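Peer 1: Sequence and predicted model, in that order:
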Amino acid sequence: MERMIGVMGGSGVYEIDGLENATWQKIETPWGDPSDEILTGTLDGVKMAFLPRHGRGHIHSPTTVPYRANIDALKRLGVTDLLSVSACGSFREEMAPGDFVIVDQFIDRTFAREKSFFGTGCVAHVSVAHPVCERLSGLAYEAARATGVTVHKGGTYLAMEGPQFSSIAESKMYRAWGCDVIGMTNMPEAKLAREAEICYASVAMITDFDSWHPEHGAVDINAIIATLGANSDNAKSLVAAMPQLLTSAYTSCSHGCDRALDYAIMTAPDKRDTTVLAKLDAVAGRVLKG
Ligand SMILES: CSC[C@H]1O[C@H](OP(=O)(O)O)[C@H](O)[C@@H]1O
Ligand SMILES: Nc1ncnc2[nH]cnc12
C-alpha cells in the first residue's frame, strides 16, 4: 500500500499549489456525487488528493456538503491520511483570529446530516473517543509551526448545524462547556473518516471570536473572509510541508485508525444485506472481503 495524503479544503481554500501532474478527477460513489471533482497529483514524491469541501465557488452549505460521498471518494482514490483545513470561531481570548488550532476533540451538535456509512443491513460501531489521529495531528502541528503562524496544540471543536452563526447565549454556553473553537463542518466528517479507516487531523484557522466576546460583537462574514484571505498562504505552506513529514512509504497507523473496523461490525454475516454491502465496497472492503 502507498501513502496518499488527502486535503479537505474549507471555506476560502479552493485549491492547493505546486502539484505535479495535477488533474481534476470526477469520482463516482454509491453515496452520490462528492462536493466537486478531486485534484490529484504528487508533491515531493507523495501522492496527493485535494477536495474543496464546499465545491469550487462555494456551492454547498455546511448542511448539504455530501460528507459520505466525499469520504468514500477519497477512500476509493486511495487516501490514507486526510488533513482538514477549516475556518473557525474562537471561544478563547488567547486563541485569536489568524491563529491555528490543531483540534483533538469534538462536541457534535449537528442534527440534519447522515452520520454513518453503516445502518440497517450492516450495523457497525467504531470508537471516536480519540476522534483524530494523534500521529497525523502531531505532524500537522510541526508543519504549522514551520510556517511561523501561532499554533495551539489541542482544542475542542464544537460542530454546529448552521448556517446561521450562534446567538450570544449559545456562544457563552459552548464556552462554559469547555469548547475552544466552533465550526459547522468537521462533524460528521471526522466520524466518517474513522469509519473509512482514514487517519484524520483537523487544522482550525481562527477567523473570529464568535459572538461571546464583549469587545468583538457579532460574527461578521466580511471580517472572516478578510482573515481567511490573509491566512491562505499559511494554510498552503502547512499543506506543502506535509509530504516531507509523512513520506510516501505507508506504515500502519500507530493510533489504529487504519484498523478501526476490526471488531466494529455487529451484524451477523448471514444477516447482512448484500445491497448495503455493495455500497460499502470502498469504505469497509478490507474487513468485508475478509
Ligand atoms: C465562512 S464562515 C462559515 C463557514 O466556514 C466554515 O467552513 P469550513 O469548516 O468548511 O472552513 C464553517 O464551518 C462554516 O461552514
Ligand atoms: N464563529 C463561527 N461559528 C461557526 N462557524 C464558523 N466559521 C468561522 N467562524 C465561525
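Peer 2: Noted; the coordinates are in hand. Ligands and ions are numbered 1, 2, ... in the order given.
Peer 1: in this structure, which spans are helices?
Peer 2: All helices of the chain, identified by DSSP state H, fall at 67-77, 134-147, 168-176, 186-195, 221-246, 274-279, 281-288.
Peer 1: Report the distance from the third one to the chain centre.
Peer 2: The chain centroid and the centroid of helix 168-176 are separated by 24 Å, computed with Cα atoms, centre = their mean, to the nearest Å.
Peer 1: One more: the last one?
Peer 2: On the basis of Cα atoms, centre = their mean, helix 281-288 is displaced by 21 Å from the centre of the chain it belongs to.
Peer 1: the inter-axis angle of it versus helix 186-195?
Peer 2: Interaxial angle of helix 281-288 relative to helix 186-195 (axes from the mean of the first three to the mean of the last three Cα atoms, to 10 degrees): 40 degrees.
Peer 1: Go ahead and name everything in contact with helix 281-288.
Peer 2: Residues from elsewhere that reach helix 281-288 (Cβ atoms under 8 Å, 6 or more residues apart in numbering): 29-30, 71-72, 75-76, 117-118, 122, 124, 195-197, 261-262, 264-265, 277, 280. C-beta here means a position set from N, CA and C on the backbone, and glycine is covered the same way.
Peer 1: Now render the helices of the chain as JSON lines, adding mean pLDDT.
Peer 2: Listed next are the helices of the chain as JSON lines, based on pLDDT from 0 to 100:
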{"stretch": "helix 67-77", "mean pLDDT": "98"}
{"stretch": "helix 134-147", "mean pLDDT": "97"}
{"stretch": "helix 168-176", "mean pLDDT": "98"}
{"stretch": "helix 186-195", "mean pLDDT": "98"}
{"stretch": "helix 221-246", "mean pLDDT": "93"}
{"stretch": "helix 274-279", "mean pLDDT": "97"}
{"stretch": "helix 281-288", "mean pLDDT": "97"}
